[in-house]
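1. This is a predicted model, with the sequence first.
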Amino acid sequence: MESATPSISVLEPVSPAIEKTKSILFQPFDLKKWGVFGFCAWLAMLGERGGGGGGGRFQMPRGGSAGAEAAQARAWLAANLYWLAPTVLLLVLFIVAICLVLLWLRSRGKFMFLHCVATNRAEVAVPWQTFAAQANSLFLFKLALGAVSMLCILPLIGLLAFSIWLVAGAEIVIGGVILIALAVLLMIFACVVFGVITKFTHDFVVPIMALRRCRTMVAWREFAEILKADKGRFVLYLLFQLLIALVIGSITSILTIMTCCFCFTLCIPFVGTYIAAVIFLPLSTFARAYSLLYLAQYGPAYDVFGAAAPVLAQEAGGFVEGNGI
């Protein structure tokens, strides 16, 4: 295992990442290549940045009609429960199925976009087949991580709702406020922890999986050794990533506002997000190249642009060690 060296820096990969983005996308400029790279980038982010509708405001009924309206609602539900319950169940199952498909496709996309950036090849079928086993392992890992996060966050949501009920009922105001603050802080902490795990998985574990042809937990154990030996620099990496995300978010927002016609295309499901992925491809390419170049500072075995490049470009499938997560 390579040990951390003083030369590792969050600033050092910035300039090479910019040059790598220029050489991949503009030297020379190829519209077909942009389309393929954009498709892989779109697939890698599929469903991660969904648009949320505003909707109207819900107002509680006022006056003495509240009780009558509530009784009517209960009566209607009781009369229509025979078809309403299975409909809601089918709708929930449909949404869950769609989310699982998007998660599976997104897991494939992570490796496809990594392959395109690392090898400078506009390919879809090759990385789709080459990293199929690794992508399936990543899918299972993220599925398990999502389940664990729900088990942690749902009780906190319940605690928050109970605390609000205590305050609203004026039963235990001070204690309820303390519980609300505690629940919010714990939820923020849980979101940060799971967010960091997801970030490290995408930025570092996925490249290690591609290089070693291993499953997610094997790659995580290897990355954990690097992380334990260099915690401070990875904290700095996360802070610098927040800055990068702020800059990229500002650029995309400004460009989106400046191009009103493009704003309308974003309303088209999937088509709009694909167009956005192609237009903003330099930003996503830079972000992917930056994390790969940062990882490369930990030794030639992690350099997908240098010594480890032939390993990543080799067409092979399966796992080095076992199966599963």
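-> Done, it's in. Numbering: from 1, shown residues only.

2. Tell me which helix or strand the residue nearest to residue 20 when sequence neighbours are not counted sits in.
-> Closest residue in space to residue 20, ignoring its immediate chain neighbours: residue 289 at 4.4 Å, by Cβ to Cβ, 6 or more residues apart in numbering. For glycine as for every other residue, the C-beta is placed from the backbone atoms N, C-alpha and C. Assigned by DSSP states H and E, residue 289 belongs to helix 281-296.

3. helices and strands around that helix, which ones?
-> In terms of contacts (3 or more Cβ pairs under 8 Å, 6 or more residues apart in numbering; DSSP states H and E), helix 281-296 is packed against helix 14-25, helix 31-44, helix 65-119, helix 206-212, helix 231-258.

4. May I see those organised as CSV, with mean pLDDT and mean neighbour count added?
-> Converted to CSV, the helices and strands packed on helix 281-296 look like this (pLDDT from 0 to 100; neighbours: other Cβ atoms under 10 Å):
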stretch, mean pLDDT, mean neighbour count
helix 14-25, 96, 17
helix 31-44, 95, 20
helix 65-119, 86, 14
helix 206-212, 95, 24
helix 231-258, 89, 13
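
5. Pull out the buried positions in stretch 294-304.
-> Buried residues in stretch 294-304, counted by 16 or more other Cβ atoms under 10 Å: 294-299, 302-304.

6. and which of the residues you listed is nearest residue 121?
-> Nearest to residue 121 among these: residue 304, at 12.5 Å, using Cβ to Cβ.

7. and that closest one, that one's in a helix?
-> No - using DSSP: H, G, I helix; E, B strand; the rest coil, the assignment for residue 304 is coil, not a helix.

8. give the contact list for it.
-> Contacts for residue 304 (Cβ atoms under 8 Å, 6 or more residues apart in numbering) come out as 114, 118, 207, 210-211, 292, 295-296, 312.

9. Please apply the same query to residue 46.
-> By Cβ under 8 Å, 6+ apart, the residues touching residue 46 are 102, 105-106, 109, 273.

10. circling back to that earlier point, out of the contacts of residue 304, flag the one nearest to residue 25.
-> Among these, residue 118 lies closest to residue 25 (Cβ to Cβ), at 14.3 Å.

11. Can you tell me how far residue 281 is from residue 33?
-> 10 Å (Cβ to Cβ, to the nearest Å).

12. What residues does residue 41 make contact with?
-> 109, 113, 277, 281, 284-285.

13. Kindly report the same for residue 99.
-> Residue 99 neighbours (Cβ under 8 Å, 6+ apart): residue 47.

14. Let me know the closest of the contacts of residue 41 to residue 134.
-> residue 109 (12.4 Å).

15. List the contacts of the residue nearest to the closest one when sequence neighbours are not counted.
-> Counting by Cβ to Cβ, 6+ apart, the nearest residue to residue 109 once its immediate chain neighbours are dropped is residue 43, at 3.0 Å. Contacts for residue 43 (Cβ under 8 Å, 6+ apart) come out as 105-106, 108-109, 112-113.

16. Quick check: of the residues you listed, which lies closest to residue 215?
-> Of these, the one sitting nearest to residue 215 (Cβ to Cβ) turns out to be residue 108, at 15.2 Å.

17. So the closest one versus residue 289, what's the distance?
-> From residue 108 to residue 289 the distance is 20 Å (Cβ to Cβ).

18. same thing with residue 16?
-> 8 Å.

19. Same question for residue 299.
-> In terms of Cβ to Cβ, residue 299 sits 18 Å off from residue 289.

20. before we move on, the earlier item: report the mean confidence score over the helix holding residue 289.
-> In this model, helix 281-296 has an average pLDDT of 96.

21. What are the buried residues along that helix?
-> 281-296.

22. Which one of those residues is nearest to residue 235?
-> Using Cβ to Cβ, residue 294 is the member of the buried residues of helix 281-296 that sits closest to residue 235, with 13.3 Å.

23. quick one: contacts for residue 202?
-> By Cβ under 8 Å, 6+ apart, the residues touching residue 202 are 110, 291.

24. Can you classify it by secondary structure?
-> Reduced to three states with three-state DSSP, the structure at residue 202 is helix.

25. and it, what pLDDT?
-> With respect to pLDDT, residue 202 scores 97.

26. how close does it get to residue 309?
-> Applying Cβ to Cβ to residue 202 and residue 309 gives a distance of 20 Å.

27. same deal with residue 188?
-> The spacing between residue 188 and residue 309, counted by Cβ to Cβ, is 40 Å.
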